[in-house]
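> Got a predicted structure here, sequence first:
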Amino acid sequence: MKSFLYNLVVDNTTRYGRVFDLAIQFLIILSLISFSIETLPNLDKGTIYVLNRFELICVAIFSVEYVLRVFLSHKLRYIFSFFGVIDLLAILPFYIASGIDLRSVRVFRLLRLFRVFKLFKYNNAMDRITTAFIKIKSELVIFLVATFFLIYLASVGIYYFENAEQPEQFKSVFHSLWWAITTLTTGGYGDVYPVTVGGKIFTTLIVFIGLGLVAVPTGLLATAFSDTFKEDEE
């Protein structure tokens, strides 16, 4: 019996294992659709009832699957693996009533489709991507820390320039964080913008710095990928 369950739940190389994996992936897609429908406003009670009952069924099936995987696999290795953590997060809030809805993380479980369809024959490509990120890990950490510093300084700067003229939009440095993030990472959303001369000049400077924030990691990754490809060819 244990051997059959192992071939069904864990080993996707068997016929039944592939069918089981595909069925679970299909159920995950349905659960994500159900979750998305729940966010629609003005749903009638009948629809809400059906969606809740469907979620109960999904949680029950995913829970049984998780327990079986723990029981049949190398327990600790699975529990602390990427898929193990995702599987647990997808069902845990239902049992502990934390108020945090993590059903959307189930989308990551669809990555098992790569394994089901043997797409990991492209493991070399995945390895190259991993190697490239590892090569520039230190640079990325420094870049992220510097980015947080810039976001904070931008928040402080725009607060001092605009607070007097726009006290509602720039009430404090914390309220100014939204402007700093959107300006540094995009071009702003247009909902909060400077009206003073100093604020506009400061914003122009921040926008140019923001362009650099996009260019720096792009260049680092491009160089790392190029070096990795050359090493593989050699």
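The structure has been received and is ready for your questions. Numbering: from 1, shown residues only.
> show me the contacts for the residue nearest the centre of the chain.
The chain has V105 as the residue nearest its centroid, 7.9 Å off, counting by Cα atoms, centre = their mean. With contacts defined as Cβ atoms under 8 Å, 6 or more residues apart in numbering, V105 is in contact with I86, L89, A90. Glycine gets a C-beta too; all of them are placed from N, C-alpha and C.
> was I right about the last one contacting R106?
Right, A90. Yes: taking Cβ atoms under 8 Å as the definition, A90 is a contact partner of R106 at 4.7 Å.
> Tell me which of those two has more neighbours.
More neighbours surround A90 than the other of A90 and R106, with 24 against 21 (other Cβ atoms under 10 Å).
> Tell me the buried residues in the helix or strand hosting V59?
Using DSSP states H and E, the element containing V59 is helix 45-72. Within helix 45-72, the residues scored as buried using 16 or more other Cβ atoms under 10 Å are F54, E55, C58, V59, F62, S63, E65, Y66, R69, V70, L72.
> helices or strands up against that helix?
helix 2-5, helix 15-38, helix 75-79, helix 82-89 (3 or more Cβ pairs under 8 Å, 6 or more residues apart in numbering; DSSP states H and E).
> Take the ones you listed and write them to a markdown table, including distance to G198 and mean neighbour count.
Listed next are the helices and strands packed on helix 45-72 as a markdown table, based on distance: least, Cβ to Cβ, whole Å; neighbours: other Cβ atoms under 10 Å:
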| stretch | distance to G198 | mean neighbour count |
| --- | --- | --- |
| helix 2-5 | 69 | 10 |
| helix 15-38 | 45 | 15 |
| helix 75-79 | 55 | 13 |
| helix 82-89 | 46 | 16 |
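> about what we covered before: per-residue confidence for the residue nearest to the centre of the chain?
Listed pLDDT for V105 reads 73.
> Next up, the contacts around L184.
Counting by Cβ under 8 Å, 6+ apart, the residues that L184 touches are T147, L150, I151, A154, I206, I209, G210, L213.
> hmm, try it at 7 Å
Neighbouring residues of L184 by Cβ atoms under 7 Å, 6 or more residues apart in numbering: L150, I151, A154, I206, I209, G210, L213.
> what comes into contact with stretch 128-139?
L220, L221, A224, F225, D227, T228, F229, D232.
> quick one on the thing from earlier: wait, which of the helices and strands packed on helix 45-72 is closest to S172?
Checking the helices and strands packed on helix 45-72 against S172 by Cβ to Cβ gives helix 82-89 as the closest, at 33.9 Å.
> what's the burial count for V9?
Other residues close to V9 by other Cβ under 10 Å number 22.
> Any figure for the gap between the closest residue to it other than its chain neighbours and I57?
Closest residue to V9 apart from its sequence neighbours, by Cβ to Cβ, 6 or more residues apart in numbering: L68 at 4.8 Å. Between L68 and I57 the distance is 17 Å, computed by Cβ to Cβ, to the nearest Å.
> Over to L5?
Taken as Cβ to Cβ, the span from L5 to I57 is 21 Å.
> Check L32 too.
According to Cβ to Cβ, L32 stands 14 Å off from I57.
> Okay, domains of this structure per the record?
Using automatic domain parsing, the domain parsing of the chain gives 2-117, 131-233.
> Among the ones you listed, show the one with the smallest mean pLDDT.
Note on the domains of the chain: lowest mean pLDDT is at domain 2-117, with a mean of 80.
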